[in-house]
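Undergrad: turn this into a structure:
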Amino acid sequence: MRRLPMTVRILTAVALIFASLGVVLSSSIAEAQTTDSGGGTTGTGGVVTGDVANDGPGFVAVVEAGGLLDPVLMDFLRHSITDAENQGATAIVFQMDSTGVVVSDDALGALLTQMLESSVPIAVWVGPSGSALTKGAAQFVGAADQVGMAPGTKLGDAGAPVIDGLNMKRLTPITDRTVGAQEAADLGITTAAAPTIGDFVVNLPGVQTRETTADNGETRREPITQVRFGQLSLFSQLMHTVASPAVAYLLLVVGLALIIFELFTAGVGVAGVVGAGSFILAGYGLAVLPVTWWGLALLGLSMVAFAIDVQTGIPRFWTGVGAVMFVVGSFTLYDGVSLSWITLGFAIISVLLAFIAGMPSMVRTRFSTPTIGREWMIGQLGRAVTAVDPDGVVQIRDALWRASTNRATPIEELESVRVVSIDGLVLEVEPETGGAKDYRDRSGDSSGDSSSGAS
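TA: Down below sits the predicted model:
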């Protein structure tokens with residue numbers, strides 16, 4: 001049994017942990033931005049400082065855009081363009097690693113139009129190595145002034161352009177296929193060799209540079225123009241992460257499983273709170289992503305099937321039905337978006353272990369016999385945490401229990417209650433006064449009743 005004070009302490013601890021992480025991450029991001037925007041590298045050629053960078057050369061805004069292009073990320077990119085224009089940026093660089101979009105063609109077209117009409121030149125760099133810019137996201141190269149790719153990246157499968165005016169010389173070769181960095185250069189899609197974001201920035205038109213010599217004698221160009229790196233805020237990062245296919249799927253599975261688990265525990269505790277939170281976050285992510293209704297329905301029905309056998313404590317027919325529906329639902333949940341085998345394997349194996357071995361074993365251990373150490377509760381007094389009319393939650397010796405009462409004797413919140421009996425996982429209670437029978441003397445010697453009747 002879990003107690004409410006422990007739940008509060010756990011939730012408070014979790015909140016403090018997240019708050020501490022937020023402070024640390026904010027400090028790290030601020031420090032990184034200060035370091036990147038301030039300037040350069042110490043060498044025999046000199047130091048590029050923030051003072052030098054602010055002496056007229058302007059700045060380049062580097063905006064990171066990773067993951068599927070969802071409403072959060074699209075809004076961030078739109079605001080980044082507007083802010084760069086208002087602040088007089090020399091150029092904007094979208095550092096991209098995206099395998100598609102989950103917004104409408106109209107929303108994508110609006111952002112591409114804003115890029116074409118921007119008063120500040122906009123460049124796209126696909127990187128670092130291992131990144132990709134594919135499907136609808138690849139159309140960004142058609143609206144960019146400059147394009148660069150790191151070695152080991154991919155670009156392509158752009159599909160039909162969603163608006164007119166895009167650079168078709170770049171888009172036509174990658175309409176239905178992907179290319180690497182070298183092939184993109186051979187096709188004239190990229191405008192400069194760009195192994196790193198720094199190499200890409202120093203080659204942008206309008207960016208002032210200087211040559212410096214490192215300690216090893218190597219000469220390289222460093223930007224004098226200030227470079228400002230922009231990222232999503234912590235809250236936006238959270239919502240963007242939740243809207244990724246793998247995270248939304250796992251949150252949905254965790255939420256459903258924990259809610260089912262909570263139904264078969266005696267108290268009201270952390271599992272239910274975490275399950276509800278996971279389910280809510282999953283709801284946001286699934287609302288953004290392209291979800292099939294039948295896949296979602298199969299996942300929900302699989303949990304119902306699992307629950308039927310969990311309450312018996314023995315995996316039987318409905319467990320098999322639930323397993324089949326869960327696997328099929330997992331593979332058909334998304335339309336046009338695929339989950340990795342690692343994600344699917346982890347979720348399927350975990351759920352099967354939980355509902356075939358874990359939860360039935362827990363139910364058998366706690367509730368399979370009539371003598372499980374709870375008979376002492378009959379006759380005990382407590383209070384109603386919520387109104388019991390006819391169902392609610394009561395507190396007995398600081399522990400929370402689900403409870404029910406006769407419809408003819410509803411119990412108000414905070415009213416004293418007495419345990420009448422135990423029915424499975426639910427306590428049957430009655431008001432302390434006005435109940436059908438007084439159980440306060442239940443533990444007394446039964447011989448007294450016999451002698452009284454005899455007398």
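Undergrad: what helices and strands are in contact with the helix or strand that residue 271 is a member of?
TA: For residue 271, the host element (DSSP states H and E) is helix 270-288. Judged by 3 or more CB pairs under 8 Å, 6 or more residues apart in numbering; DSSP states H and E, helix 270-288 is in contact with helix 4-38, helix 234-242, helix 245-263. The C-beta positions use only the backbone N, C-alpha and C, and glycine is treated the same way.
Undergrad: which outside residues touch that helix?
TA: 2, 7, 10-11, 70-71, 102, 239, 242-244, 247-249, 251-252, 254-259, 261-262, 265, 296 (CB atoms under 8 Å, 6 or more residues apart in numbering).
Undergrad: buried residues in it?
TA: Judged by neighbour count (16 or more other CB atoms under 10 Å), helix 270-288 contains these buried residues: 270-275, 278-279, 281-282, 285-286, 288.
Undergrad: same thing with stretch 83-92?
TA: Buried-residue list, stretch 83-92, by 16+ other CB under 10 Å: 83-84, 89-92.
Undergrad: looking at those residues, spot the one nearest residue 66.
TA: Closest approach between these and residue 66, by CB to CB: residue 92, at 16.4 Å.
Undergrad: quick check: that closest one touching residue 63?
TA: Yes: applying CB atoms under 8 Å, one finds residue 92 in contact with residue 63, separated by 6.6 Å.
Undergrad: overlap of the contact sets of these two?
TA: Here residue 92 and residue 63 share the contacting residues residue 80, scored by CB under 8 Å, 6+ apart.
Undergrad: coming back round to it: any quick PyMOL command for the buried ones out of the contacts of helix 270-288?
TA: For the buried members of those, the matching PyMOL selection, counting by 16+ other CB under 10 Å, is:
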select buried, resi 2+7+70+71+102+239+242+243+244+247+248+249+251+252+254+255+256+257+258+259+261+262+265+296
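Undergrad: per-residue pLDDT, residue 426?
TA: As predicted, residue 426 sits at a pLDDT of 82.
Undergrad: nearest spatial neighbour of it, chain-adjacent residues omitted?
TA: Leaving out its chain neighbours, the residue that sits closest to residue 426 by CB to CB, 6 or more residues apart in numbering is residue 402, at 5.0 Å.
Undergrad: need phi/psi at the one you found.
TA: Main-chain dihedrals, residue 402, degrees, to the nearest 10: phi -70, psi 140.
Undergrad: any idea how many residues pack against it?
TA: By the criterion of other CB atoms under 10 Å, residue 402 has 18 neighbours.
Undergrad: can you check residue 64 too?
TA: Counted with other CB under 10 Å, residue 64 comes out at 17.
Undergrad: just to revisit the earlier point, comparing the helices and strands packed on helix 270-288, which yields the minimum mean pLDDT?
TA: Sorting those by mean pLDDT places helix 4-38 lowest, at a mean of 39.
Undergrad: surely residue 156 and residue 170 touch.
TA: No: contact criterion CB under 8 Å: residue 156 and residue 170 do not qualify, at 10.8 Å.
Undergrad: report the contact partners of residue 119.
TA: By CB under 8 Å, 6+ apart, residue 119 lies in contact with residue 85.
Undergrad: okay, it: pLDDT?
TA: We have a pLDDT of 93 for residue 119.
Undergrad: and it, how far is that from residue 230?
TA: 18 Å (CB to CB, to the nearest Å).
Undergrad: would you mind measuring from the nearest residue to residue 143 once chain neighbours are set aside to residue 78?
TA: Distance criterion CB to CB, 6+ apart; nearest residue to residue 143, sequence neighbours excluded, is residue 115 at 4.0 Å. Separation of residue 115 from residue 78 (CB to CB) stands at 10 Å.
Undergrad: between these two, which has more neighbouring residues?
TA: Higher neighbour count among residue 115 and residue 78: residue 115, with 23 against 15, using other CB under 10 Å.
Undergrad: list the contacts for the more buried one?
TA: Neighbouring residues of residue 115 by CB under 8 Å, 6+ apart: 81, 122, 140, 143-144.
Undergrad: what about those residues, which are in helices?
TA: Counted as lying in helices by DSSP state H, out of the contacts of residue 115, are 81, 140, 143.
Undergrad: of those, closest to residue 193?
TA: The closest of the ones in helices among the contacts of residue 115 to residue 193 turns out to be residue 140 (CB to CB; 19.5 Å).
Undergrad: need the pLDDT of the closest one.
TA: We note a pLDDT of 96 for residue 140 in this prediction.
Undergrad: show me what contacts it?
TA: Residue 140 makes contacts with 94, 96, 112, 115, 124, 133, as judged by CB under 8 Å, 6+ apart.
Undergrad: which SSE is the fifth one in?
TA: The one in question is residue 124. Residue-wise, residue 124 maps onto strand 122-126 under DSSP H and E.
Undergrad: can you give me the domain boundaries for this structure?
TA: With domains defined by automatic domain parsing, the chain comprises 49-209+221-233, 244-367, 375-439.
Undergrad: how about the nearest residue to residue 58, chain neighbours excluded?
TA: The nearest residue in space to residue 58 (CB to CB, 6+ apart) is residue 90, at 4.0 Å.
Undergrad: next: residue 205.
TA: Counting by CB to CB, 6+ apart, the residue nearest residue 205 is residue 121, at 6.9 Å.
Undergrad: so the one you found makes contact with residue 93?
TA: No: if you go by CB under 8 Å, residue 121 and residue 93 don't touch, sitting 9.5 Å apart.
Undergrad: which one of these two is surrounded by more residues?
TA: Remark: of residue 121 and residue 93, residue 93 carries more neighbours, 27 against 18, as counted by other CB under 10 Å.
Undergrad: that's a strand at the more buried one, yeah?
TA: Yes: counting by DSSP: H, G, I helix; E, B strand; the rest coil, residue 93 is part of a strand.
Undergrad: spit out the contact partners of it.
TA: The neighbours of residue 93, taking CB under 8 Å, 6+ apart as the test, are 60-63, 122-125, 197, 200-201, 204.
Undergrad: and the angle from the helix or strand encompassing residue 318 to helix 245-263?
TA: Element membership of residue 318, judged by DSSP H and E, is helix 317-331. Helix 317-331 and helix 245-263 are oriented at 160 degrees to each other (axes from the mean of the first three to the mean of the last three CA atoms, to 10 degrees).
Undergrad: now the angle from the helix or strand following the helix holding residue 271 to helix 270-288?
TA: Note on helix 270-288: by DSSP H and E, the next helix or strand toward the C-terminus is helix 293-310. Per the same axes, to 10 degrees, the angle that helix 293-310 makes with helix 270-288 is 160 degrees.
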